[in-house]
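Novice: got a sequence here, can you model it:
(chains A, B, C and D)
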There are 2 protein chains.
Amino acid sequence: MRKQEITIYDVAREAKVSMATVSRVVNGNTNVRKDTRDRVMKVINRLHYQPNAVAQGLASKRTTTVGLIVPDLTNLYFAELSKGIDDIALLYKYNIIITSIENRLMREDQAIQGLLNKQVDGVIYMSDSLPEEAVEAFKRTDTPVVLAGTKDNHLEFPSVAIDYQKADTEALNLMYNDGKRNLALVLDNPETVVNTENRIPAYQQFMKEHKLGKGHIYSNIKDHSDGYNLYSQLQKDGVDGVIVTSDVSAVGILTSAIDAGKNVPKDIEIITANATQIASIVRPALTAIRQPLYDIGAVAMRMLTKLMNNEKVDEMQIELPYELLKKQSTSNN
Amino acid sequence: MRKQEITIYDVAREAKVSMATVSRVVNGNTNVRKDTRDRVMKVINRLHYQPNAVAQGLASKRTTTVGLIVPDLTNLYFAELSKGIDDIALLYKYNIIITSIENRLMREDQAIQGLLNKQVDGVIYMSDSLPEEAVEAFKRTDTPVVLAGTKDNHLEFPSVAIDYQKADTEALNLMYNDGKRNLALVLDNPETVVNTENRIPAYQQFMKEHKLGKGHIYSNIKDHSDGYNLYSQLQKDGVDGVIVTSDVSAVGILTSAIDAGKNVPKDIEIITANATQIASIVRPALTAIRQPLYDIGAVAMRMLTKLMNNEKVDEMQIELPYELLKKQSTSNN
DNA sequence: AGAATAGCTGTAAACGTTTGCACTTTTTAG
DNA sequence: CTAAAAAGTGCAAACGTTTACAGCTATTCT
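Specialist: The predicted structure is shown next:
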């Protein structure tokens, strides 16, 4: 179906060299005499020869393609991570195959298998949850994987993230110092590693240390309306300070509180734990755990390039610094 | 570097058939006897055979991969389009290679060429601008292209979009009927086809028809702070109603107005022309030209699948219905 | 000058599939 | 029951590269 493309043979014939030499020129191999190189280059330019990446992939067993596994394209948290990944990928001349697994037709392990079939040179995994089958799929292959913005239970995989536990504790402390005593944790997916291993323990430990009782953990609050609708429950439970893992949900709670005639931060303080642009756009602006999302993506991709080239990587579990950005949804005294 | 994979030969040997037969089984070719098929399938499952998509691509000249060209991953407008594309791609079992061209290291035509080298079966182009080199690059190939959420000057390429001209006129009319007379147009990129051929003409014609003078067109207002900073100028120019093409910029104008102690919509009405989730999240919520972004993406991808299979496509220029969603940033009398 | 070495180029075998063609076996029809 | 048609299978040639390996040609060294 495709227009007949120019192949390496055409170039070889025109330049009166073998295809091997053309291949060497294309790949910047130094063992080519200057005038031969020039002659070949001239023909390449004249014919607009472009190597067929699929054939290159088959012959060289490297596709210069990396796979991205992401839960939701329209979640700015992942979009901002992706941007960092994309920039570094471009720098190192990798293409990106993106696989969204939000759609429940596509399970994590299927997504991984699909990418491996395409012979990607590496994978960046951004999903918050890492089910057992996904772990198995990764273990069956030599293709390197890096987790970005998440961690796995046993630190088996390289990852780039922040210290969620410390960040949350700091956030809780901020609200505590503002005099808030009925603190709650609002989670999107309660089963992610980050939540079960970091955020929930941090919350529980904080509550215990400060003798604040069991507290309240709300789950499955994923979008704006979830947050909006949750507010009445928060009111009922007398909650006066929340950490929210979904950025848009935090906005939902905020809006709902305001619509109910309440004052933020006086009646309730809100801290968003996975801040995106949105947190700073709304009014009152949300106090946020600002993760360096772009950097997390960039560092993860950089690490992946090293792994793909069998270069030494000194630190497999990277933690980047976060910032607790105080805005108007907490009082600033 | 890669762990030795199971090839079609291994399966053939174990199942005591030729590789051709295995290939037929894998591809669901009907000309295989039931018991042969079962035998082969058993071996495939036992060995966990997975076809190498790169080799398939080379042999069949179809990669079941489509390229996506998008200006900015973190712009929800494109993210929502992408989601529609992604869902349909999954349905038809295509993978997606995404290329962001925001980064100025990557020009449109280079992005296209890169995708073509990877032998994608088709391309969906979402960039707002379609430079001449990009057009040339597309014309050099047989690979089908569909424009999503944009159009080209001469309607040379299939596209899926809305009637921007009509939508804008309707939006202007809404503000006009609210008594606003100093209407302005706030553009992100003034050189896109949609803007030069649709939005600007619509604006100019409206102003002329209603004898409102030349009006004001502001350009290069692309992000939240651009919008925020623009407001003082709008005030200076006495603008009392704006259409804004960048969603976050619209929010910036809104926030800036409110911070300046103004009333929206009383002092200024704001309509966002490329609404995303954000428009409905902020307070006051923004009146918006709600484009069916998900559907535009989905329809574009569906059209592309047809083109890739040489199926007949009856309508090459598809216009989907939009909705002028009245919210709080315009008065509703 | 001759030998050793380095630089350059070509040959041909991979890489793992698909697919046209030919051949054999089975089914169908008369 | 036989001829013709259909179904099932295998062979081998693509697909367009990369890359050992070998060989040839300069260059360097003694």
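Novice: enumerate the residues of chain A near DNA strand D.
Specialist: Residues of chain A lying close to DNA strand D (CB under 7 Å from any atom of the strand) are A:5, A:7-9, A:19-20, A:23-24, A:26-27, A:49, A:51-52, A:55-56, A:58-60. Bear in mind the C-beta positions are built from the backbone N, C-alpha and C, glycine included.
Novice: filter those residues down to the buried ones.
Specialist: Buried subset of the residues of chain A next to DNA strand D (neighbour count, 16 or more other CB atoms under 10 Å in any protein chain shown): A:5, A:7-8, A:23-24, A:26, A:49, A:51-52, A:55-56, A:58.
Novice: just curious, which of those is nearest to A:I296?
Specialist: A:Q56 (30.9 Å; CB to CB).
Novice: for chain A, just list every one of the strands.
Specialist: A:65-70, A:95-100, A:122-125, A:145-148, A:159-161, A:183-186, A:216-218, A:241-244, A:269-272, A:287-290, A:317-319, A:323-325 (DSSP state E).
Novice: so what's A:I200 up against?
Specialist: Shown in contact with A:I200 (CB atoms under 8 Å, 6 or more residues apart in numbering or on different chains): A:185, A:187, A:190, A:217.
Novice: tell me the contacts of the second one?
Specialist: With contacts taken as CB under 8 Å, 6+ apart, A:L187 has the following neighbours: A:195, A:199-200, A:217-221, A:245.
Novice: go on, the first one?
Specialist: For A:L185, the contacting residues are A:199-200, A:203, A:215-218, A:242-243, by CB under 8 Å, 6+ apart.
Novice: just checking: the least confident one among those residues is which?
Specialist: Least confident entry in these, by pLDDT: A:G215, with 92.
Novice: before we move on, back to that, which two among the buried ones among the residues of chain A next to DNA strand D are spaced furthest apart?
Specialist: Greatest spatial distance in those: A:E5 and A:R24, 20.3 Å, computed using CB to CB.
Novice: and the pLDDT for A:Q4?
Specialist: 53.
Novice: find the nearest non-adjacent residue to the most far-flung residue of chain A relative to its centre, please.
Specialist: What lies farthest from the middle of chain A is A:K16; by CA atoms, centre = their mean that is 48.9 Å. Closest residue to A:K16 apart from its sequence neighbours, by CB to CB, 6 or more residues apart in numbering or on different chains: A:R39 at 7.8 Å.
Novice: count the neighbours of the one you found for me.
Specialist: 17 (other CB atoms under 10 Å in any protein chain shown).
Novice: quick check: the gap between it and chain B.
Specialist: Distance, A:R39 to chain B, by CB to the nearest CB, to the nearest Å: 23 Å.
Novice: surely that residue touches A:A15?
Specialist: Yes. Between A:R39 and A:A15 there is a contact under CB atoms under 8 Å: 5.2 Å.
Novice: hey, what's in contact with both of the two?
Specialist: Residues touching both A:R39 and A:A15 (CB under 8 Å, 6+ apart): none.
Novice: tell me the contacts of the residue nearest to A:K16?
Specialist: A:15-17.
Novice: also A:G252?
Specialist: Contact analysis of A:G252 by CB under 8 Å, 6+ apart lists A:223-231, B:281.
Novice: of all these, which comes closest to A:Q328?
Specialist: B:I281 (16.2 Å).
Novice: which stretches of the stretch 1-150 of chain A have low pLDDT?
Specialist: The stretch 1-150 of chain A contains residues with pLDDT under 70 at A:1-4, A:103.
Novice: how many neighbours does the residue lying closest to A:D10 once chain neighbours are set aside have?
Specialist: Closest residue to A:D10 apart from its sequence neighbours, by CB to CB, 6+ apart: A:L47 at 6.2 Å. A:L47 has 14 neighbouring residues, counting by other CB under 10 Å.
Novice: can you pull the contacts of A:L47?
Specialist: By CB under 8 Å, 6+ apart, the residues touching A:L47 are A:6, A:10-11, A:14.
Novice: list just the nearest of the contacts of A:R39 to chain B.
Specialist: A:A15 (20.2 Å; CB to the nearest CB).
Novice: contacting residues for the closest one?
Specialist: A:A15 sits in contact with A:21-22, A:39-40, A:42-43, where contact means CB under 8 Å, 6+ apart.
Novice: try 10 Å
Specialist: A:A15 sits next to A:21-22, A:25, A:36-44, A:46-47 when contact means CB atoms under 10 Å, 6 or more residues apart in numbering or on different chains.
Novice: now swap in A:Q317 and tell me
Specialist: Contact partners of A:Q317, counting by CB under 10 Å, 6+ apart, are A:147, A:151-152, A:155, A:157-161.
Novice: for the stretch 101-250 of chain A, which segments count as helices?
Specialist: With helices called from DSSP state H, counting those that start in this stretch, the stretch 101-250 of chain A shows them at A:108-117, A:132-139, A:164-177, A:193, A:200-209, A:224-236, A:247-259.
Novice: tell me which of the ones you listed lies nearest to B:L324.
Specialist: The nearest among those, by CB to CB, is helix A:224-236 at 21.5 Å.
Novice: and that closest one, what's buried?
Specialist: For helix A:224-236, the neighbour count (16+ other CB under 10 Å) marks A:224, A:226-228, A:230-231, A:234-235 as buried.
Novice: got the strands of chain A as a markdown table, with distance to A:A111 columns?
Specialist: Shown next, in a markdown table, are those (distance: least, CB to CB, whole Å):
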| stretch | distance to A:A111 |
| --- | --- |
| strand A:65-70 | 5 |
| strand A:95-100 | 4 |
| strand A:122-125 | 9 |
| strand A:145-148 | 12 |
| strand A:159-161 | 18 |
| strand A:183-186 | 28 |
| strand A:216-218 | 29 |
| strand A:241-244 | 27 |
| strand A:269-272 | 28 |
| strand A:287-290 | 28 |
| strand A:317-319 | 24 |
| strand A:323-325 | 32 |
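Novice: chain B contacts on the stretch 201-333 of chain A?
Specialist: For the stretch 201-333 of chain A, the contact set with chain B under CB under 10 Å from any CB of the partner chain comprises A:223-224, A:227-228, A:248, A:251-252, A:254-255, A:258-259, A:276-278, A:280-283, A:285, A:293-294, A:308-310.
Novice: residue contacts, A:S23?
Specialist: A:8, A:11-12, A:29, A:40, A:51, A:56, A:59.
Novice: among the residues you listed, which are within reach of DNA strand C?
Specialist: Among these, the residues lying close to DNA strand C (CB under 7 Å from any atom of the strand) are A:A59.
Novice: so which of the contacts of A:S23 comes closest to DNA strand C?
Specialist: A:A59 (3.7 Å; CB to the nearest atom of the strand).
Novice: my guess is that closest one meets A:A20, correct?
Specialist: No. Taking contacts as CB atoms under 10 Å, A:A59 lies outside contact range of A:A20: 11.9 Å.
Novice: picking up where we left off before, now the contacts of A:Q317 as JSON lines including distance to chain B and neighbour count?
Specialist: Shown next, in JSON lines, are the contacts of A:Q317 (distance: CB to the nearest CB, whole Å; neighbours: other CB atoms under 10 Å in any protein chain shown):
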{"residue": "A:L147", "distance to chain B": "19", "neighbour count": "25"}
{"residue": "A:K151", "distance to chain B": "23", "neighbour count": "21"}
{"residue": "A:D152", "distance to chain B": "21", "neighbour count": "20"}
{"residue": "A:L155", "distance to chain B": "23", "neighbour count": "11"}
{"residue": "A:F157", "distance to chain B": "17", "neighbour count": "21"}
{"residue": "A:P158", "distance to chain B": "17", "neighbour count": "21"}
{"residue": "A:S159", "distance to chain B": "21", "neighbour count": "23"}
{"residue": "A:V160", "distance to chain B": "18", "neighbour count": "30"}
{"residue": "A:A161", "distance to chain B": "19", "neighbour count": "21"}
